[in-house]
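1. okay, here's the prediction I keep looking at, along with the sequence it came from:
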Amino acid sequence: MEKIIKVTKGSGVGETKLSAFDAALFDAGIANYNLIRLSSIIPEGYEPKAEKIKMNGSEDFGNKLYVVYASQIENEIGKEAWAGIGWVMSKSDPKRGLFVEHEGADRSQIERLIKESITSMVKYRKEEYGEIHTEICGIKCESKPVCALVAAVYKSESWE
């Protein structure tokens, strides 16, 4: 059975930088969790898919959520916040791969950094890798702090 890692994104505006981050988490569907940040490895048997997450009910409130994420906060009027995740799967075993996450001030910067990081990372690995996939989000600061966020969500887990 194929296991999915949902790659979701969201943006938000808040009274503070922290509340802008929370608003972006809410928009991405992952606000009511305790995030546990992971590194860049996609384990065997998992497949990333870009898909907006719908927040689970109160039964998941406060659960641990295992994620790879990128977030960028901006509070200077007229400037932009951009975040993105890229991934690549091996050709020899398409159910194993790599994630990279980047934050910055414009979309082209994020696209370039994702491509450069993945291209570099696959050079010293034995496997041959396929095409690069990306999910990118941005928002412009109009008056209050803003946050752009992209998250690859592995799983939710209770504390018991």
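-> Noted; the coordinates are in hand.

2. didn't Arg107 look like it was pressed against Glu135?
-> No - if you go by Cβ atoms under 8 Å, Arg107 and Glu135 don't touch, sitting 12.0 Å apart. In this view, the C-beta of every residue, glycine as well, is placed from N, C-alpha and C.

3. and the two? Which one has more around it.
-> Legend: neighbour count by other Cβ atoms under 10 Å for Arg107 and Glu135, higher for Glu135 (21 against 15).

4. ignoring the adjacent residues along the chain, who's closest to Glu15?
-> For Glu15, ignoring the flanking residues on the chain, the nearest one in space by Cβ to Cβ, 6 or more residues apart in numbering is Lys144 at 6.3 Å.

5. which positions in stretch 26-37 come out as buried?
-> Neighbour counts using 16 or more other Cβ atoms under 10 Å place Asp27, Ala28, Gly29, Ile30, Ala31, Asn32, Tyr33 of stretch 26-37 among the buried residues.

6. look at the fourth one and give its secondary structure.
-> Spelled out, it's Ile30. For Ile30, the assignment made with DSSP: H, G, I helix; E, B strand; the rest coil gives coil.

7. can you name every helix or strand that the longest helix along the chain contacts?
-> Longest helix in the chain, counting residues (DSSP state H): helix 107-123. Applying 3 or more Cβ pairs under 8 Å, 6 or more residues apart in numbering; DSSP states H and E, we find helix 107-123 packed against strand 80-89, strand 97-104, strand 133-140.

8. can you say which of those is packed in most?
-> Ranked by mean neighbour count, these are led by strand 80-89 with a mean of 25 (mean count of other Cβ atoms under 10 Å).

9. partners of that one in the sheet?
-> Sheet pairing here is set by DSSP bridges, and for strand 80-89 it gives strand 97-104 (antiparallel), strand 133-140 (antiparallel).

10. to Glu51, which of those lies closest?
-> Nearest to Glu51, of all the strands paired with strand 80-89, is strand 133-140, at 9.5 Å by Cβ to Cβ.
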